[in-house]
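Enquirer: just a sequence and a predicted model for now, questions to come.
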Amino acid sequence: MKAQARFSLTSETPELISDIYQSLLPETNESISDRSAVSLFLKEGGLVLEIQSNDIISLRSALNTWMRLIQTAYDVASAAD
């Protein structure tokens, strides 16, 4: 079974989205798992995260990992302001 998810994150502060994107971009160069593929890109003033997985279990695991990474990047970028 193939599973996929797509999230779009926006902010009233484009610099915040850019900071989050720049801090997470290196994480896309190395795969956390052979069972999931992750894409991260900027589109229309927002950050888009796409995850494609071989199964629902690996999708859940990848989502948990990436949501935590995004939250951490957001916390750090927000604290810098």
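Expert: Received it, and whenever you're ready, just let me know what you need. Numbering: from 1, shown residues only.
Enquirer: can you show me the strands along this structure?
Expert: Secondary structure of the chain (DSSP state E): strands at 3-10, 36-43, 46-53.
Enquirer: most tightly surrounded among those?
Expert: strand 46-53 (a mean of 19; mean count of other C-beta atoms under 10 Å). From N, CA and C alone the C-beta is placed, and that goes for glycine too.
Enquirer: nearest the geometric middle of the protein, what residue?
Expert: The residue lying closest to the centre of the chain (C-alpha atoms, centre = their mean) is L49, at 4.5 Å.
Enquirer: wait, it touches I17, no?
Expert: No: if you go by C-beta atoms under 8 Å, L49 and I17 don't touch, sitting 11.9 Å apart.
Enquirer: what is in contact with these two at once?
Expert: Overlap of the contact sets of L49 and I17 (by C-beta atoms under 8 Å, 6 or more residues apart in numbering) consists of L9.
Enquirer: ok so, going back, any chance of the strands of the chain in TSV, plus distance to T28?
Expert: Shown next, in TSV, are the strands of the chain (distance: least, C-beta to C-beta, whole Å):
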stretch	distance to T28
strand 3-10	14
strand 36-43	5
strand 46-53	10
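Enquirer: how about those strands in TSV, adding mean pLDDT and distance to A80?
Expert: Formatted as TSV, the strands of the chain follow (pLDDT from 0 to 100; distance: least, C-beta to C-beta, whole Å):
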stretch	mean pLDDT	distance to A80
strand 3-10	95	18
strand 36-43	93	19
strand 46-53	95	17
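Enquirer: quick one: which of the ones you listed is nearest D75?
Expert: Closest approach to D75 among the strands of the chain (C-beta to C-beta): strand 3-10, 13.8 Å.
Enquirer: tell me the angle of the closest one relative to strand 36-43?
Expert: Strand 3-10 and strand 36-43 are oriented at 30 degrees to each other (axes from the mean of the first three to the mean of the last three C-alpha atoms, to 10 degrees).
Enquirer: which elements pack onto strand 3-10?
Expert: helix 14-24, strand 46-53, helix 56-80 (3 or more C-beta pairs under 8 Å, 6 or more residues apart in numbering; DSSP states H and E).
Enquirer: among those, which is the most enclosed?
Expert: Most buried among the helices and strands packed on strand 3-10, counting by mean count of other C-beta under 10 Å: strand 46-53, with a mean of 19.
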